[in-house]
Every structure is written in structure tokens, then in C-alpha cells.
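Student: here is the input, now give the coordinates:
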Amino acid sequence: MTDQSAIQLASLSVDFDERFRLIDIDWRIEPGQHWMITGTNGSGKSALAAALAGAGDLVSGSIDGLPCKVALVSYEAQGELIEAERRKDDADIMDVISEGTPVKEILFDGCMDHDLAAQLIEQFGLTALLERAFRKLSTGESRKVLLVRALTCKPELLILDEPFDGLDAATHRMLALHLQSLVGQVPMILVLNRFDECPEFITDIAYMDKGHLLHKVRRSDEQAYNELYQLLHLKTSALELPKVDPVSSLPPLDPTQPLVQLNEVSIRYGDISIFENLSWTIERNQHWQLTGPNGSGKTGLLSLITGDHPQCYVNDIVVFGFKRGSGESIWQIKQYIGYVSTALQWEYRVGTSLRHVIISGFYDSIGLYSKYTDRQREIADEWLAVLGMSDRASEPFNKLSYGDQRLLLIARSMVKHPPLLILDEPCLGLDDMNRQLVLALIEKICAGSETSVIYVNHHPEDAVAGIDQYLALGAA
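Tutor: Next up is the predicted model:
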């Protein structure tokens, strides 16, 4: 690789025609590194790549160390070139219709290696197109032209945004092999949605979300890499949440009744009032975020719903159609509730397999002590696929990271598709990566099931898409 200095982005914010903004990007690209930028649609992957090529309006911060010759191939750049060709028609006078710029002119604009250009033109199947007007090419054909042009201009930094999109399998392999051959010659940054397209030569991965560069992961850091893979999998996976097992399904509830109805309830300890005269109705398919300072009564309020608080029988509470104190058993109520908390995770200290942890949700047990059905096993494996853990089904639960354990317990709580899922501070104790994994799973549950969610959380930045009902305890 030619002499290269580090590229440093410091507190960089960039506007793109007021449509999108990169926000406070801190990123250092060291010599010898090759990066993959990933994230969900609209996260800012392409914007970050474009900013490195000089696009956008600098709002604040700086970029230092960029080489003079940066080659960028992207759908945006491709569209701009095609639009420029179309504008040539608009500029024509006397009804003279321009044929447009021929492909060969586009290809050889800035070409520094004609032998390589000839080789790639043949390999990409562009020989028969050289005399054709560029604007008359298909999207895939024009993409190939821009790839060849970028690869033959001897760039000092090569940025390829979704380079494999639209390529057939043979061309994909050919391009991947050619990029591999450039590893010692030029630093590369690839924007990719799919982890399975990440070439072997990539050394580092950047994860974008809502204009922020949230994670920078060394590919050699196996745990961090796996967590990032899971995060992207949960964010982008088209998998539907597994269906309920008819044999294990719950007795039906009255669809005309709310799930929970608390009428002017109070919790008092002697002369100390935790809260008073609180009314709360949770309808089917509503998702609630419950907030409040320490001591405001969040856990007590939840325990009134679950029946674990002794004062639930002196308050006016109707849960799943059962009026508290009317002779119902606590298990009649709890069968309709999935519950996840840090306390549950502390209790769940068994060494059973990941598959068995999920299956134990059918039996509301810590560990698995019952013979399960083939369908229950299938559903557990479907949940493992949603979590990106299919290849880890037989691993022991107590050997998992803290964040992975939390994901498994949420899946365990959902196997019966309970009408109500209570997540009591599910992000407590998690690092940033695992916190986002858990939030992504909650978002998937809110979007893909008929389970109502109560999500207890202290932090506004941990808001979940799909939760649009709010109850704040201790508020003035």
C-alpha cells in the first residue's frame, strides 16, 4: 500500500440538502484498515460515504487526512451522472437530439491503467456497449461502467456503496476477487447492508443509526462482531415472529374487555404514600412506556397487575376480566403475562441449553423439567433464528453474555404470545451494543405481534418505535 496517513473525522456534522444530517461523527481510519459501513435503511451509511468524497454541507467539525484522489461509486453518484446526461438533451436547440456521451468516454475519463480497463471491460461484459450512449444503459449496466471507471483511475481511497447489488453470481465473485487483489494497494470502504457479503479483507466495521456512528468494531473482536451481526439481523430481518403453538395456546379472553383496568388505586405503607388515586387502562394492542424516578412506585404498580403485591386485593383492579379478590388464582392471571426483569435473570442461573430456555417459557419454569413437543422445539428454533442464534441452540445459557441472556429471556417470555408482556427495565446493566440489541427485539415484538407491551425505562434515548402510550409516575 502506498504511503498513507490516518483519516480523522472529529465531531463532524454534515447536512445533505436538509434531507439528512450526519451528527457528531468521530471516526479514525488508520493505514492498513479496510472498513465496512453498515446499518439499516436510512441510517446514514451512504451519507457517511458521500461525506468522505466531499458531498454535503459541512455544519461543524472536521475531516483531516483525506487523500486527494477519492473514487466513489454509489447509487446517488450514478443517478447524478445519468441526470447530467439527460440535461444535455434539455440544452439542445433547433430540435437536434443529442445521442449522449458514449460509454467508452465515461469509462476512460481519468483512466490510469488501460490494460486493466480492457481486462475489466471484458470481464464485466461491457465490450458490446462501448459505443452506446451511457444514459441508454440499464441500471445494472451503468453500475458496472462506474465500477470499472473507479477501479482503473488509481484512487488513493476507494469507496464502494453496495458494489455487489444487481450483479450476477459470477460477476459478484469476479469483483470480490479483484477487490481482494487491491488490499495492499489502496484503502477501501464498502457500504453494505448484508453481513454475508462482507469480504474477508475487511478489518473493521462501522455501524450507523439515525445519522450517528454508534459502533466501531474490529473484525478480529469475535464477541463484538457477533453482537453487531445480531443487531443488524434484528433490525433488518424479514423473519416474522414465530406463531403460537395451538396445543399450548392460552384460554381465550373476552375481546370486548381491556387487558388491565386500575381504578383510583393506591399503595401506602403506614403514613407513607407511594402513589394515590391512580387510574390506568391498558387496551388490547396498546404499547406503554412506564417511567418515573426511583421510589415513584413503578415496580409496585406492576406487582398490582401481576398479583404479587399484597395491596392488590384492597384496590379496584380488573385484569384479563378477573376482578381482584373474586376468587381467581394468581396462576389464572400469570398465564397471560410474560415478564422479564433483572431479578428474573439473576434467578435464571441454570446451565440448560438456549433451546431449552425458550421452551421453558411454555411451562413458566426456571429450567426445563417437562417433556416438550416437537412443535415446541420448532418454535424455540424459530425464535433462535429471529435472534440470529440458530447455530448456538445447544450452548449453555449460563455461559452467554449478559446481553444475550436478556434476549433469550425475552424470547422465552413470548413463546405463548401472552396478551401482556412486562419488560421491567430490560436494558438495565447492559452495555450500549447489547442495549440496542434488546431495543431492536422489543421493536420487533411491538410491530409483529398482538402482545401488548409495558416497557419500564428511565432513559428517553431508549425509546422504542411502536410504543406510543406513556405513563409517568411521580410527575407533577
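
Student: C-alpha only now, for contacts and for neighbours.
Tutor: Will do.

Student: dig out what Thr291 forms beta bridges with.
Tutor: Note on Thr291: beta-bridge partners by DSSP bridges are Ala472.

Student: around it, how many other residues sit close by?
Tutor: Per other CA atoms under 10 Å, the neighbour tally for Thr291 reads 22.

Student: residues contacting it?
Tutor: Lys298, Val456, Asn457, His458, Tyr470, Leu471, Ala472, Leu473 (CA atoms under 8 Å, 6 or more residues apart in numbering).

Student: do the same with Cys68
Tutor: Neighbouring residues of Cys68 by CA under 8 Å, 6+ apart: Glu156.

Student: tell me the secondary structure for it?
Tutor: coil (DSSP: H, G, I helix; E, B strand; the rest coil).

Student: domains of this structure?
Tutor: Per the record, the chain has its domains at 7-236, 248-472, by automatic domain parsing.

Student: nearest to Pro242, out of these?
Tutor: Using CA to CA as the measure, domain 248-472 is the one of these that comes nearest Pro242, at 6.0 Å.

Student: quick one: average pLDDT of the closest one?
Tutor: The average pLDDT for domain 248-472 rounds to 89.

Student: what sits against the most centrally placed residue in the chain?
Tutor: In the chain, the centroid-proximal residue (CA atoms, centre = their mean) is Lys235; its distance is 2.8 Å. By CA under 8 Å, 6+ apart, the residues touching Lys235 are Thr40, Ala440, Lys444.

Student: that older thread, any chance of the domains of the chain in a markdown table, with distance to Pro242 too?
Tutor: Supplementary listing: the domains of the chain in a markdown table, determined by distance: least, CA to CA, whole Å:
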| stretch | distance to Pro242 |
| --- | --- |
| domain 7-236 | 14 |
| domain 248-472 | 6 |
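
Student: leaving out the residues flanking it, which one is nearest to Gln33?
Tutor: Among residues not flanking Gln33 along the chain, Thr203 sits closest, at 5.8 Å (CA to CA, 6 or more residues apart in numbering).

Student: please apply the same query to Gln4.
Tutor: Leaving aside its chain neighbours, Gln4 sits nearest to Pro31 (5.9 Å; criterion: CA to CA, 6+ apart).

Student: do the same with Asp113
Tutor: Of all residues not flanking Asp113 in the chain, Thr152 sits nearest, at 5.5 Å (CA to CA, 6+ apart).

Student: for Leu9, same thing?
Tutor: Per CA to CA, 6+ apart, closest to Leu9 is Ile63, 4.6 Å.

Student: do the same with Gln376
Tutor: Ile359 (6.4 Å).

Student: using PDB, list the CA coordinates for stretch 396-411.
Tutor: Taking C-alpha atoms only, stretch 396-411 is exported to PDB below (Å, rounded to 0.1, in the frame of the first residue of the first chain):
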ATOM      1  CA  PRO A 396     -25.400 -23.500  27.900                       C
ATOM      2  CA  PHE A 397     -27.400 -20.400  28.900                       C
ATOM      3  CA  ASN A 398     -25.100 -19.600  31.900                       C
ATOM      4  CA  LYS A 399     -22.100 -19.200  29.500                       C
ATOM      5  CA  LEU A 400     -23.800 -16.500  27.500                       C
ATOM      6  CA  SER A 401     -23.000 -12.800  27.700                       C
ATOM      7  CA  TYR A 402     -25.300 -10.800  30.000                       C
ATOM      8  CA  GLY A 403     -27.000  -9.100  26.900                       C
ATOM      9  CA  ASP A 404     -27.600 -12.400  25.100                       C
ATOM     10  CA  GLN A 405     -29.200 -13.900  28.300                       C
ATOM     11  CA  ARG A 406     -31.600 -10.900  28.300                       C
ATOM     12  CA  LEU A 407     -32.500 -11.600  24.700                       C
ATOM     13  CA  LEU A 408     -33.200 -15.200  25.400                       C
ATOM     14  CA  LEU A 409     -35.400 -14.400  28.400                       C
ATOM     15  CA  ILE A 410     -37.500 -12.000  26.300                       C
ATOM     16  CA  ALA A 411     -37.900 -14.800  23.700                       C
END
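
Student: can you tell me what sits against that stretch?
Tutor: Outside stretch 396-411, the residues that touch it by CA under 8 Å, 6+ apart are 339-340, 345, 349-354, 357-358, 383, 387, 426, 430-431, 434-435, 437-438, 441.

Student: apply 6 Å and report the result again.
Tutor: With CA atoms under 6 Å, 6 or more residues apart in numbering as the test, stretch 396-411 has contacts from Gly351, Thr352, Ser353, Leu354, Asn434.

Student: what's around Asp432, how many residues?
Tutor: Asp432 is flanked by 12 other residues according to other CA under 10 Å.

Student: other SSEs contacting the helix or strand encompassing the residue nearest to Leu9?
Tutor: Ile63 belongs to strand 57-64 when elements are defined using DSSP states H and E. In terms of contacts (3 or more CA pairs under 6 Å, 6 or more residues apart in numbering; DSSP states H and E), strand 57-64 is packed against strand 7-16.

Student: ok, the next helix or strand after the strand it packs on: who's next to it in the sheet?
Tutor: Going down the chain from strand 7-16, the next helix or strand is strand 20-29, by DSSP H and E. Here strand 20-29 is paired, per DSSP bridges, with strand 7-16 (antiparallel).

Student: now tell me what touches the partner strand from outside.
Tutor: With CA under 6 Å, 6+ apart as the criterion, strand 7-16 contacts 21-29, 56-66.

Student: filter these to the buried ones?
Tutor: The neighbour-count criterion (16 or more other CA atoms under 10 Å) marks 21-29, 56, 58, 62-63, 66 among those as buried.

Student: contacting residues for Gln286?
Tutor: By CA under 6 Å, 6+ apart, the neighbours of Gln286 are Ser452.

Student: kindly report the same for Glu131.
Tutor: Pro102.

Student: in a strand, it, correct?
Tutor: No: remark: Glu131 does not belong to a strand; assigned using three-state DSSP, it is coil.

Student: tell me the one among the buried ones among the contacts of strand 7-16 nearest to Tyr313.
Tutor: The nearest member of the buried ones among the contacts of strand 7-16 to Tyr313, counting by CA to CA, is Ile23 at 51.2 Å.

Student: report pLDDT for the closest one.
Tutor: 95.

Student: against Leu157, how distant is it?
Tutor: Note on Ile23: its distance to Leu157, by CA to CA, to the nearest Å, is 23 Å.

Student: try Arg435
Tutor: Distance, Arg435 to Leu157, by CA to CA: 34 Å.

Student: over to Leu175?
Tutor: Going from Leu175 to Leu157 by CA to CA gives 17 Å.

Student: go on, Gly297?
Tutor: Going from Gly297 to Leu157 by CA to CA gives 56 Å.

Student: again with Arg173
Tutor: 22 Å.

Student: more neighbours: these two, which one.
Tutor: The residue with more neighbours, out of Arg173 and Leu157, is Leu157; 21 against 13, by other CA under 10 Å.

Student: hmm, that one is touching Leu72, no?
Tutor: No: between Leu157 and Leu72 there is no contact under CA atoms under 6 Å: 8.5 Å.

Student: quick one, strands of the stretch 251-400 of the chain?
Tutor: For the stretch 251-400 of the chain, the strands defined by DSSP state E, counting those that start in this stretch occupy 260-269, 272-282, 287-291, 316-319, 322-323, 337-341.
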